[in-house]
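Enquirer: With the input below, show me the fold.
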Amino acid sequence: MTFIPKVQYNPSRWLTLVLMTMALWVGGSLLLDVVIMPAMYLSGMMQEPSFASTGGIVFTAFNHIEILCAALALTGMMVLGMTLPEGFSNRIRTLTVLSSILLAIALLYTYSLTPQMTALGVNLNLFNAVESTPEGMNQLHFSYLSLEALKLFAAGTILAWCYHNHNYAGIIEQ
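Expert: You can find the predicted model right below:
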C-alpha cells in the first residue's frame, strides 16, 4: 500500500514564497531601471546599431521572468485568500487584484511594448545611420514608464503587506 501524504496549506510558506518573489522582482526591476539602463545610456551604447536587438533580447528575457513572478504572486495570494482567517479577506482580495494587474502588465510588456519598441529601434538600412529617435518611440517609453511606476507601486504594496504579516501567518498554523 502506498502512503500519500496529506497536502497541507501552510500560510507561512506561501507568504514566504510571495515575499521572496516580490523582493526578487522589485529588486530586479530597480536594478534594470536605475542601474543598467542609465549606464547603457551614459556609455553611449544606445547609439550603437545593435542596441535595439540587444535591448530586445534582454527585455524579453526579463519580461518572461516577470510573468513567472506575477503568476507566483497571484497564485500565492489566491492560496492565502483561502487559508487565512476572515479578517484578512478584504485585504487579500485587494492584493489578489493587484497581483492580477501585475500579471497583465508583465503580459503587456512581453507581447506588446517590448516587440514594438524593438521593431521601431532596429535599423534595417545598414548604410544610413540613425540620428534621431524614431517617431512613436517617446510615446512607447512613456507607456513603459507609466506601467513601470504602477508595477512598482503594486509590487511594493504586496511586498510590504507580506513582510508586515509574515509573523502573523506563523501564529495561524500553530
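
Enquirer: Residue ranges in the chain under the pLDDT threshold?
Expert: Applying pLDDT under 70 to the chain flags the ranges 1-9, 49, 87, 122-134, 167-174.

Enquirer: Could I get the full set of helices for it?
Expert: Across the chain, reading from the start of the chain, the helices by DSSP state H fall at 11-30, 37-42, 51-83, 89-108, 114-121, 137-172.

Enquirer: What residues sit buried inside the last one?
Expert: Pointing back at helix 137-172 there. Neighbour-count burial for helix 137-172, counted by 16 or more other C-beta atoms under 10 Å, picks out 140, 143-144, 147-148, 151-152, 154-155, 158-159, 161-162, 165, 169. The C-beta positions use only the backbone N, C-alpha and C, and glycine is treated the same way.

Enquirer: And for the first one?
Expert: Under the neighbour-count criterion of 16+ other C-beta under 10 Å, helix 11-30 has 11-12, 14-19, 21-22, 25-26, 29 buried.

Enquirer: again with the second one
Expert: The neighbour-count check on helix 37-42 (16+ other C-beta under 10 Å) flags 37, 40 as buried.
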